[in-house]
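*Asks:* model this:
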Amino acid sequence: MTAPQPFPLLAFPKAWTPGTDGAVKGDAVLAVAVATVGNTLGGMTSYAIGRFLPRKSIDEKAQGWIKRFGAPVTFFAWLPIVGDALCVAAGWLRIHWAAALAFMAAGRLARYLVVAYVSSAI
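*Replies:* Residues are numbered from 1 along each chain as shown. Just a heads-up that it's a prediction; the model follows:
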């Protein structure tokens with residue numbers, strides 16, 4: 001019987017590899033980059049869904065934030081529950097895709113940098 005192999009994360013097995021002491025070891029920069037890109041692509045998928053929604057009603061709270069603050073509010077799209085609504089509302093209100101992408105990526109990057117820092121301090 002062969003020993004189980006770690007699952008390679010998008011062909012980057014050094015990103016998260018279980019150590020012999022039970023701790024997860026690896027390249028935090030790579031893990032942050034992969035998490036940021038993946039989560040940002042998910043946010044842009046929600047944005048695209050919003051672009052194709054009929055012009056009826058959408059979450060009033062998210063719509064109000066987007067109308068008031070514009071693309072910079074998508075920085076907070078990493079937040080649970082309201083994050084997806086912010087992305088959909090940005091697409092529905094036709095916020096420029098590049099601005100939404102930049103702010104979404106910056107917010108997610110900040111989130112994962114904090115997570116990486118906190119997890120390395122534990």
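*Asks:* pick out the residue nearest the middle of this protein.
*Replies:* Centroid check for the chain by CA atoms, centre = their mean gives N39 as the closest residue, at 2.8 Å.
*Asks:* skipping adjacent residues, who's closest to that residue in space?
*Replies:* R108 (4.7 Å; CB to CB, 6 or more residues apart in numbering). Where you see a C-beta, it was placed from the backbone N, CA and C, and this is true even at glycine.
*Asks:* buried residues of the one helix or strand that neighbour maps to, list them for me.
*Replies:* Remark: R108 resides in helix 97-121, with elements defined by DSSP states H and E. By neighbour count on 16 or more other CB atoms under 10 Å, the buried set for helix 97-121 is 100-105, 107-109, 111-112.
*Asks:* picking that back up, which pLDDT value does the model give the residue nearest to N39?
*Replies:* For R108, the pLDDT comes out at 94.
*Asks:* thought it was touching G42?
*Replies:* No - the criterion here is CB atoms under 8 Å, and R108 misses it with G42 at 9.2 Å.
*Asks:* now do the helices in this structure.
*Replies:* Secondary structure of the chain, counting by DSSP state H: helices at 28-52, 60-69, 82-92, 97-121.
*Asks:* which neighbouring elements make contact with the shortest one?
*Replies:* Here helix 60-69 is seen to pack against helix 82-92 when contacts are counted using 3 or more CB pairs under 8 Å, 6 or more residues apart in numbering; DSSP states H and E.
*Asks:* repeat for the first one
*Replies:* Packing contacts for helix 28-52, counted by 3+ CB pairs under 8 Å, 6+ apart, involve helix 82-92, helix 97-121.
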